[in-house]
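Asker: Let's see this in three dimensions:
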Amino acid sequence: MIGGFASNSLALLADAVHVFSDVAGISLALVAIWIGSRPASAERSYGYLRLEILAAVANAVLLFGVAAFILFEAWRRLSEPPQVASSLMLGVALVGLLINGVSMWLLREAQAKGLNMRAAYLEVMGDLAGSAAVITAAVAIAATGWAGADAVASVAIALLILPRTWRLLRDATDVLLEATPKGVNMDEVRAHMLSASGVADVHDLHAWTITSGMNVVSAHVVLEPDAEGAAVLDFLCGCLSGDFDIEHSTFQLESPDRRRLEGSAHG
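Answerer: This next block holds a predicted model:
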């Protein structure tokens, strides 16, 4: 940020503000992970696991604000391009490129394990591309003298931020709305459950995500008259765990005449 102010480069400042927002976002993620590790209680039966998702939403909102500021300032500067110290701009951007490259390498495996770590990885990837855009603009200014290249690079950085931020917000919102987890086909889940010996019907079937990597399922299972409940439960739990990687499942076993008592509101 000091380099951005000293060189009067909006592109460098935009990249720096983006990194600064990453620090805030990763700090939120760390706090969420720390609090989320606390045990469940009678008041919060799932503990604080959902805080990870709330942190991801807050991070996305912050990044949207950063992108809006960059686009507004770039539009203002395009009409009156200020003088930019391209040599200082280039030097700071090269350092940023190196640091972001190391950061991406450190996060390469962890980013597949949760929304927050994926958010961190995507943010660093955007920072790397941002540094490359700043370097390109600095070279263009030094070669041609056109200071508007700085504002153009700023717009490129903002456009890099927006799509991945939208994806992060969409994924986090899906968790908060308890949407069906990605990769879980409910028709296939229902078909597997109906294939169990002793199962006559399945209704009120729901699947949702508590936090990254923790998908859960609940269902009402209608048993055949001669079915053994314990055997059916063992099969269903093993089926969901082995075929769909769902370790936490809750089943209500019912007799055939129970369905009519519950009305027609079940899915």
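
Asker: for the record, mean pLDDT for stretch 51-71?
Answerer: Mean pLDDT, stretch 51-71: 85.

Asker: Just the buried residues of that stretch, please?
Answerer: Residues of stretch 51-71 classed as buried by neighbour count (16 or more other Cβ atoms under 10 Å): 51-53, 55-60, 62-63, 66-67, 70-71. All C-beta atoms are positioned from the backbone trio N, CA, C, and that covers glycine.

Asker: in the helix or strand containing Arg170, what's buried?
Answerer: Per DSSP states H and E: Arg170 is located in helix 148-176. The neighbour-count check on helix 148-176 (16+ other Cβ under 10 Å) flags 148-158, 160-162, 164-165, 168-169, 171-172, 174-175 as buried.

Asker: elements contacting that helix?
Answerer: helix 10-36, helix 51-79, helix 115-144, strand 199-211 (3 or more Cβ pairs under 8 Å, 6 or more residues apart in numbering; DSSP states H and E).

Asker: please redo it, this time with the cut-off set to 7 Å
Answerer: The elements that helix 148-176 packs onto, with contact taken as 3 or more Cβ pairs under 7 Å, 6 or more residues apart in numbering; DSSP states H and E, are helix 10-36, helix 51-79, helix 115-144.

Asker: If you average the pLDDT over the last one, what comes out?
Answerer: Summarised as a single mean, pLDDT over helix 115-144 is 84.

Asker: could you check the angle helix 10-36 makes with it?
Answerer: With axes from the mean of the first three to the mean of the last three Cα atoms, to 10 degrees defining the directions, helix 115-144 sits at 170 degrees from helix 10-36.

Asker: quick one: low-confidence ranges for this structure?
Answerer: Within the chain, the stretches with pLDDT under 70 are 25, 116, 258-267.

Asker: can you list the domains in it?
Answerer: Under the assignment automatic domain parsing, the domains of the chain span 2-176, 186-261.

Asker: which of the ones you listed sits most buried?
Answerer: domain 2-176 (a mean of 18; mean count of other Cβ atoms under 10 Å).

Asker: Need the nearest residue in space to Leu71, chain neighbours excluded.
Answerer: Ala158 (4.9 Å; Cβ to Cβ, 6 or more residues apart in numbering).

Asker: residues touching the one you found, list them.
Answerer: Contact analysis of Ala158 by Cβ atoms under 7 Å, 6 or more residues apart in numbering lists Ala14, Ala67, Ile70, Leu71.

Asker: just Glu247 next, same as before
Answerer: Neighbour list for Glu247: Ser241 [criterion: Cβ under 7 Å, 6+ apart].
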